[in-house]
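Q: Next comes the sequence, and after it the predicted model I'd like to discuss.
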Amino acid sequence: VYKRQGKTGAIVILFAVAVVALALDPPVWDPAFQVSFKENMTTPVIGSGTTEGVMYYDSTKNTYRLDRKNGRYDRYCGSVKKFVDTPCSHIVTPDGLRFLYFSEKRYCCYCCASSHGCGLTKRDWVANGGFQGYEPQPDRPDVQLEKWLIQGLQQNLYYCRADNRRPYKIDMQPNDVITFDYDTYKSYVEDPNVFNLPAECDPDATCPFLSVCTPLRSGFKF
């Protein structure tokens with residue numbers, strides 16, 4: 001009798017999760033926001049490392065910027081300035097061009113464009129994801145997180161807070177995990193000038209041939 005109840009209970013739980021999944025709309029990012037983050041990355045040949053930075057996003061202007069204090073382990077930045085510990089920024093312009101900017105080196109190069117899959121991430125990029133259930137936030141067990149699976153060329157797990165659906169973590173398996181600092185989240189960008197393209201950035205100055213940008217501009221998908 002005990003075993004039968006256990007199985008029944010498990011079935012009830014699975015059924016409840018399925019019902020919630022059907023009723024729950026995928027999360028959508030705020031039109032604009034900024035937030036600090038910490039990141040753990042592993043890149044072939046380059047190795048593994050951690051960094052932190054700030055993400056700026058404004059879909060109303062179709063622009064985006066992500067600043068890393070150290071771009072060495074990012075597969076884009078690390079393929080341009082190899083084995084170098086230096087800040088690196090991804091900047092996506094309103095016309096869909098993605099630049100890699102190395103502020104300390106006073107160097108910038110054009111990587112790829114929206115036509116190559118390098119444009120602004122859509123607010124509803126989780127739209128085709130599958131709800132995987134709820135998990136407690138590791139550092140705050142009283143806070144529940146939604147867990148979503150988005151299958152692309154790799155498996156992507158997206159976690160957002162269940163109470164306001166703001167981003168908590170993006171796990172791009174198996175080699176890149178970004179965890180956002182909720183306390184720094186703002187549903188606007190404090191300084192719109194952060195999106196201004198540095199003088200060093202020129203669409204005619206493409207990133208080095210031996211970087212991931214070259215195959216991306218040729219239509220290769222990572």
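A: Nice, thanks for sending it over. Residues are numbered from 1 along each chain as shown.

Q: alpha carbons only for contacts and neighbour counts from here, please
A: Will do.

Q: tell me the contacts of the closest residue to residue 102 other than its chain neighbours?
A: Distances taken as Cα to Cα, 6 or more residues apart in numbering place residue 88 nearest to residue 102, at 4.7 Å, with adjacent residues excluded. Contacts for residue 88 (Cα atoms under 8 Å, 6 or more residues apart in numbering) come out as 67, 68, 69, 70, 71, 77, 100, 101, 102, 103.

Q: mind running it again at 10 Å?
A: 53, 66-72, 74, 76-78, 81, 100-105, 107-108 (Cα atoms under 10 Å, 6 or more residues apart in numbering).

Q: Report the buried members of those residues.
A: For the contacts of residue 88, a burial check counting by 16 or more other Cα atoms under 10 Å picks out 53, 66-68, 70-72, 74, 76-78, 81, 100-102, 108.

Q: where are the low-confidence patches of the protein?
A: 1-23, 220-222 (pLDDT under 70).

Q: how close does the one residue sitting closest to the centre of the chain get to residue 163?
A: Nearest residue to the geometric centre of the chain (Cα atoms, centre = their mean): residue 170, 5.8 Å. Plainly put, residue 170 is 18 Å away from residue 163 if you go by Cα to Cα, to the nearest Å.

Q: sorry, back to before: who's in contact with the residue lying closest to the residue nearest to the centre of the chain once chain neighbours are set aside?
A: Excluding the flanking residues, the one nearest residue 170 by Cα to Cα, 6+ apart is residue 158, at 4.7 Å. Shown in contact with residue 158 (Cα under 10 Å, 6+ apart): 27, 126, 129, 131-132, 145-150, 167-172, 177-178.

Q: Which of the contacts of residue 88 fall within strands?
A: 53, 66, 67, 68, 100, 101, 102, 107, 108 (DSSP state E).

Q: The second one and residue 102 touch, don't they?
A: No: contact status for residue 66 versus residue 102: not in contact, 11.9 Å apart, counting by Cα atoms under 10 Å.

Q: Any chance you could list residues touching both of those two?
A: Shared contacts of residue 66 and residue 102 (Cα under 10 Å, 6+ apart): 88, 89, 90.

Q: what are the bridge partners for the first one, then?
A: Bridge pairing for residue 88 (DSSP bridges) gives the partners residue 68.

Q: now it: how far from residue 139?
A: Residue 88 is 29 Å from residue 139, by Cα to Cα.

Q: for the second one, same thing?
A: When Cα to Cα is applied, the distance between residue 89 and residue 139 equals 28 Å.

Q: Who has more neighbours out of those two?
A: A count of neighbours by other Cα atoms under 10 Å puts residue 89 above the other of residue 89 and residue 139, at 23 against 7.

Q: ok, and for stretch 159-169, which residues are buried?
A: 159, 160, 161, 162, 165, 166, 167, 168, 169.

Q: got the residue ranges for the strands in the protein?
A: In the chain, the strands defined using DSSP E lie at 32-43, 47-58, 63-68, 88-92, 97-102, 107-113, 130-137, 140-151, 155-161, 167-172, 176-180.

Q: neighbouring strands for the last one, and are they parallel or not?
A: By that I understand strand 176-180. Paired strands of strand 176-180, with direction, are strand 32-43 (antiparallel), strand 167-172 (antiparallel) (DSSP bridges).
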